[in-house]
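Visitor: dropping the sequence and predicted coords here.
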Amino acid sequence: MDYENYIWDLGGTLLDNYESSSHAFSATLWSMAERVVLRTDVYDALKVSTAYAVEKFASDLPGFLEEYKKLEAEELEKPILFSGAKKVLKSLSVNGKKNFMISHRNHQVLTILSAAEIGSYFTEVVTADNGFKRKPAPESINYLLSKYKLNPKKTVMIGDRSLDIEAGNAAGVETIYFDSSNDSIQSVKTSNATKNVLLTNEPTHIIHELTEILL
């Protein structure tokens, strides 16, 4: 794949965090309400979005999100990257490509990137602290396109959820859907089914290993 600019999602794309996040979510449910849910159900809900998972399992628990985020932050002090993540980022940088990141997390992202030893590969990291609307709104992508005068046709958004693909399509850039579970593209189309949201456009590419980006 030959692009000049790569805009990355973090959780579920570079950071293999859903397992630890699911554990933190379930542990918070138990500590606050002695409520037990299947880990796989929590995992699937978090893949849609944190807000969706909270609405589904903890909408009646005031302060749940804050407690969950505290425990999740502890889990992420030792971040685990997907196989090939560092290799891909380094290779792109060495070859003169630009890496950017857009995350729904706050400045904690910078700590995670530093701990994972990949922070130096990014030209800019956009976090929740920037104040842009969350994906699938394209605001954060449009900000990067404008600030760095990026060519949309030579720019690609990489993510593991339908909202990443929708955001990229809305901004007019190319898109890569990273399916770490090796499921089919149907998983992109149906990930928001429980919210009755349909994905209007398919991604430009589908990959099951991050190193496919270098091919």
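Guide: Yep, that arrived.
Visitor: would you confirm that Val156 contacts Asn169?
Guide: No: in this structure, Val156 is not within contact of Asn169 by CB atoms under 8 Å, at 11.5 Å. Quick note: C-beta positions are derived from backbone N, CA and C, even for glycine.
Visitor: name the residues contacting each of the two.
Guide: Common contact partners of Val156 and Asn169 (CB atoms under 8 Å, 6 or more residues apart in numbering): Thr175.
Visitor: how's this protein carved up into domains?
Guide: Split into domains by automatic domain parsing, the chain comes to 5-16+81-214, 18-75.
Visitor: state the distance from Thr211 to Asn99.
Guide: As for Thr211, its distance to Asn99 is 15 Å (criterion: CB to CB, to the nearest Å).
Visitor: what residues sit buried inside stretch 135-142?
Guide: 135-136, 138-142 (16 or more other CB atoms under 10 Å).
Visitor: CA-only coordinates of it in PDB, if you can.
Guide: What follows is stretch 135-142, C-alpha atoms only, in PDB (Å, rounded to 0.1, in the frame of the first residue of the first chain):
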ATOM      1  CA  LYS A 135     -15.400   9.800  15.400                       C
ATOM      2  CA  PRO A 136     -17.300   9.000  13.200                       C
ATOM      3  CA  ALA A 137     -17.400  12.800  12.900                       C
ATOM      4  CA  PRO A 138     -14.500  13.700  10.600                       C
ATOM      5  CA  GLU A 139     -13.500  16.900  12.400                       C
ATOM      6  CA  SER A 140     -10.200  15.600  13.700                       C
ATOM      7  CA  ILE A 141      -9.200  14.200  10.300                       C
ATOM      8  CA  ASN A 142     -10.100  17.400   8.600                       C
END
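Visitor: in this protein, which spans are strands?
Guide: With DSSP state E as the criterion, the chain has strands at 5-8, 98-102, 122-126, 155-159, 174-178, 205-207.
Visitor: now render these as TSV, adding distance to Ser22, mean pLDDT and mean neighbour count.
Guide: Formatted as TSV, the strands of the chain follow (distance: least, CB to CB, whole Å; pLDDT from 0 to 100; neighbours: other CB atoms under 10 Å):
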stretch	distance to Ser22	mean pLDDT	mean neighbour count
strand 5-8	22	98	26
strand 98-102	22	98	23
strand 122-126	24	98	18
strand 155-159	19	98	26
strand 174-178	18	96	24
strand 205-207	23	96	17
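Visitor: can you redo those as JSON lines with distance to Tyr68?
Guide: Shown next, in JSON lines, are those (distance: least, CB to CB, whole Å):
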{"stretch": "strand 5-8", "distance to Tyr68": "24"}
{"stretch": "strand 98-102", "distance to Tyr68": "22"}
{"stretch": "strand 122-126", "distance to Tyr68": "23"}
{"stretch": "strand 155-159", "distance to Tyr68": "22"}
{"stretch": "strand 174-178", "distance to Tyr68": "24"}
{"stretch": "strand 205-207", "distance to Tyr68": "30"}
